[in-house]
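>>> Have a look at this fold, sequence not included:
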Ligand SMILES: Cc1cc2nc3c(=O)[nH]c(=O)nc-3n(C[C@H](O)[C@H](O)[C@H](O)COP(=O)(O)OP(=O)(O)OC[C@H]3O[C@@H](n4cnc5c(N)ncnc54)[C@H](O)[C@@H]3O)c2cc1C
């Protein structure tokens with residue numbers, strides 16, 4: 001017998017879908033992932049304090065929030081397997097998904113909630129100081145007390161980097177935008193905003209060679225890409241805004257994706273290009289990328305799947 005619903009991914013979107021589907025008596029099976037595209041629990045497992053998820057007036061540690069969501073889903077009856085899905089077959093029906101151990105499972109409906117991975121600079125010093133002044137999300141972490149009224153840096157040159165720099169101007173005394181080229185890739189309107197903002201100072205043709213600090217970040221070692229010269233820039237925080245990689249490789253082109261690899265969903269819904277396959281959270285979101293928006297779209301996906309199962313299969 002096929003499963004009625006398989007959910008792939010255990011971040012806020014997958015676990016919220018699991019909570020809703022379990023409460024709707026769909027008895028979902030969820031693949032938590034293991035090492036492809038992040039870890040079980042998703043991106044919040046690599047952050048500390050989450051201050052903007054509703055319901056926690058004193059904030060909550062990211063891993064604890066995810067542990068709570070998982071417990072809630074399990075308590076409501078969701079079955080979990082801590083494995084990566086390596087491939088899917090959406091041409092066959094019921095759909096087939098194959099896990100890393102080679103086992104194949106079939107399902108009447110699928111929810112893809114595999115998220116995205118924030119790209120990070122491949123430096124040992126970055127790994128050592130990650131979470132101690134280095135983040136990949138200014139909207140998430142910029143308002144933390146440790147960054148207030150401090151000089152901060154954003155690394156990148158696209159729309160996200162510019163948005164993050166502008167967001168940080170609300171808290172920082174000064175924001176450096178560090179870009180490896182001599183012009184921004186961001187849209188013209190965003191460029192104008194950032195170039196004219198009195199708190200933003202753009203450092204052109206610079207790459208970060210090292211994150212410096214003992215227990216927390218204290219400065220960046222920069223290299224000028226034109227002259228090769230090294231300089232030190234004292235900052236209390238650095239935000240990497242060099243892009244995200246959506247976890248969609250295992251789909252092997254069987255769903256419509258945008259040019260960056262994000263799943264395309266119909267407007268205001270989680271419906272994908274394959275009938276009976278739904279997508280939720282960051283894997284289909286290039287715009288908001290927040291835990292609460294991911295959770296909300298997980299809820300939508302579970303409701304979409306429930307209605308689809310009822311309408312198409314009467315179950
Ligand atoms: C450093 C950092 C700090 C952040 N802080 C905040 C914050 O304070 N507040 C906030 O609202 N948001 C924050 N965010 C953003 C937030 O974490 C994401 O928006 C949210 O986690 C997205 O949820 P998701 O469920 O869509 O995906 P993810 O959290 O990315 O989870 C994806 C899941 O899919 C699994 N997976 C991937 N590939 C496979 C596969 N092939 N097979 C099986 N499973 C797979 C992964 O293991 C993971 O469980 C932060 C992000 C980062 C990087």
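Yep, it's here. For clarity, every value in this text was computed on a predicted model and none was experimentally measured.
>>> Run through the bridge partners of the spatially most central residue of the chain.
Closest residue to the average C-alpha location of the chain: residue 116 at 4.4 Å, with CA atoms, centre = their mean. The partner list for residue 116 in beta bridges (DSSP bridges) reads residue 246.
>>> In contact with it, which residues are there?
37, 43, 244-247, 262, 282-283, 289 (CB atoms under 8 Å, 6 or more residues apart in numbering). In this view, the C-beta of every residue, glycine as well, is placed from N, C-alpha and C.
>>> likewise residue 20?
298-299, 302-303, 306.
>>> Can you check the pLDDT for residue 304?
Here the pLDDT value assigned to residue 304 is 98.
>>> I misspoke; the intended subject was residue 266.
pLDDT at residue 266 comes out at 97.
>>> So it versus residue 274, what's the distance?
Separation of residue 266 from residue 274 (CB to CB, to the nearest Å): 12 Å.
>>> So which of the two has more stuff around it?
residue 274 (20 against 10; other CB atoms under 10 Å).
>>> Out of the contacts of residue 20, the closest to the ligand would be?
The ligand lies nearest to residue 298 out of the contacts of residue 20, by CB to the nearest ligand atom, at 6.7 Å.
>>> Count the residues that sit near that closest one.
30.
>>> and it, what element?
If you go by DSSP states H and E, residue 298 is part of helix 291-308.
>>> Write the ChimeraX selection for whichever of the contacts of residue 116 are buried.
Listed next is the ChimeraX selection for buried residues among those, using 16 or more other CB atoms under 10 Å:
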select :37,43,244,246,247,262,282,283,289
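>>> on that earlier part again, give the buried residues for the helix holding residue 298.
291, 293-306, 308.
>>> what's in contact with stretch 53-68?
For stretch 53-68, contacts defined as CB under 8 Å, 6+ apart pick out 10-12, 15, 41-42, 44-51, 291-292.
>>> Most distant residue from the centre of this protein?
residue 227 (35.4 Å).
>>> So it: helix, strand or coil?
Three-state assignment for residue 227 (DSSP: H, G, I helix; E, B strand; the rest coil): coil.
>>> Am I right that residue 91 is in contact with residue 255?
No. Between residue 91 and residue 255 there is no contact under CB atoms under 8 Å: 11.7 Å.
>>> So between the two, which is more surrounded?
Taking other CB under 10 Å, residue 91 and residue 255 do not tie; residue 255 has more neighbours (20 against 9).
>>> so the more buried one is in which element?
In the assignment (DSSP H and E), residue 255 maps to no helix and no strand.
>>> Pretty sure it sits against residue 279.
Yes. In this structure, residue 255 is within contact of residue 279 by CB under 8 Å, at 7.4 Å.
>>> what's the overlap in contacts for these two?
With CB under 8 Å, 6+ apart, residue 255 and residue 279 have common neighbours 112, 263, 272.
>>> of the residues you listed, closest to residue 3?
For the shared contacts of residue 255 and residue 279, the minimum distance to residue 3 (CB to CB) is 14.6 Å, reached by residue 112.
>>> and the gap between the residue of the stretch 101-250 of the chain found nearest the ligand and residue 293?
With CB to the nearest ligand atom, the shortest gap between the stretch 101-250 of the chain and the ligand falls at residue 115, namely 2.1 Å. Relative to residue 293, residue 115 is positioned 12 Å away (CB to CB).
>>> For these two, list the residues in contact with both.
By CB under 8 Å, 6+ apart, the residues touching both residue 115 and residue 293 are residue 281.
>>> returning to what we had before: check contacts around the residue of the stretch 101-250 of the chain closest to the ligand.
Applying CB under 8 Å, 6+ apart to residue 115 gives the contacts 9, 11, 13, 37-38, 42-43, 246-247, 281-283, 294.
>>> Could you list which of those belong to strands?
residue 246 (DSSP state E).
>>> Most widely separated two among the contacts of residue 115?
37 and 294 (14.0 Å).
>>> Can you tell me the element residue 139 falls in?
Element membership of residue 139, judged by DSSP H and E, is helix 138-141.
>>> Identify the residues contacting that helix?
By CB under 8 Å, 6+ apart, the residues outside helix 138-141 that reach it are 47, 50, 52, 135, 147, 154, 164-165, 167-168, 237, 239, 241, 289-290.
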